[in-house]
Every structure is written in structure tokens, then in C-alpha cells.
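1. Pasting a predicted model and its sequence here:
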Amino acid sequence: MCNGALPLVFARSILSLRDLPRAWPTLDARDPRPLGEFLFTDARIRRTPLHFQKLSLNHPLRVRLDRFPLDLPPWARRSLHVRQGSALLVTEIFLTLPPHRSDPAQALSFFA
């Protein structure tokens with residue numbers, strides 16, 4: 001997700017390839033629609049509660065963020081999206097706070 005040329009969120013999604021054709025056929029690589037469009041419009045998908053974590057300097061995902069300018073130590077959230085018994089793990093890392101939110105606690109409530 002970007003605000004113009006400024007990246008706001010780095011995301012990573014993980015699921016079993018075995019489950020792709022059965023439970024997640026709409027996630028075809030040739031379909032240009034955003035993942036969120038599938039996750040929030042399909043009534044059969046259930047989302048688990050969000051988990052938040054401030055990423056430490058040695059967190060494995062932190063290495064992937066080297067190419068982004070970071071305002072603050074990054075926060076991440078993740079949840080499982082379950083469809084037909086198959087789970088899709090979505091992790092989002094916030095690269096910057098929303099412009100109108102300077103307090104990280106308020107910013108996290110904005111993203112929830």
C-alpha cells in the first residue's frame with residue numbers, strides 16, 4: 001500500500017499450495033485484484049483476531065525492510081483468514097505512521 005510514491009505497508013501472505021486450488025481459487029496469480037478485495041468481500045472467510053508486535057532489530061522480517069526509509073521502529077500486525085478449513089496468514093508491517101497520527105498507540109488503533 002502506498003500514498004503516492006511513499007510506501008506505507010509491507011505485506012507478506014503465506015498459505016499451503018496444496019490448499020490453493022480448493023479453498024483459495026480466486027488467488028490466481030493472473031488476477032490483478034488486491035488481496036483485500038477477496039478477504040473482505042467473501043462471506044465464507046473468517047478472520048482471527050489481530051496480533052500486534054513491534055519488530056526488534058533482529059526479527060527475520062526486519063531484514064526485508066532495509067530498502068524502505070523508516071520513521072520509527074516498525075510495527076506489524078497479523079491474522080489468519082480461514083476459508084473451507086484452509087488458513088491464509090497475512091502479515092502487514094507499517095513503514096510509517098499516518099500523517100495525522102504522531103503517537104504510535106493512536107496509529108495502531110487507526111490500523112485495527
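-> Okay, I see it. Numbers count the residues shown, from 1 in each chain.

2. Secondary structure element for the residue most central in space within the chain, which one?
-> The centre of the chain sits closest to residue 92, judged by CA atoms, centre = their mean, with a distance of 2.8 Å. Assigned by DSSP states H and E, residue 92 belongs to strand 86-94.

3. Identify each buried residue in that strand, please.
-> Neighbour counts over strand 86-94 (16 or more other CB atoms under 10 Å) mark 86-88, 90-94 as buried. (Each C-beta comes from the backbone N, C-alpha and C, glycine too.)

4. on that earlier part again, compute the distance between the residue nearest to the centre of the chain and residue 63, please.
-> Plainly put, residue 92 is 17 Å away from residue 63 if you go by CB to CB, to the nearest Å.

5. Same check on residue 45?
-> Residue 45 is 30 Å from residue 63, where distance means CB to CB.

6. And those two? Which one has more around it.
-> It is residue 45, of residue 45 and residue 63, that has more neighbours when counted by other CB atoms under 10 Å, with 16 against 8.

7. ok now do the residue lying closest to the more buried one once chain neighbours are set aside, which residues does it touch?
-> Closest residue to residue 45 apart from its sequence neighbours, by CB to CB, 6 or more residues apart in numbering: residue 83 at 4.7 Å. Residues in contact with residue 83 (CB atoms under 8 Å, 6 or more residues apart in numbering) are 23-24, 42, 44-46.
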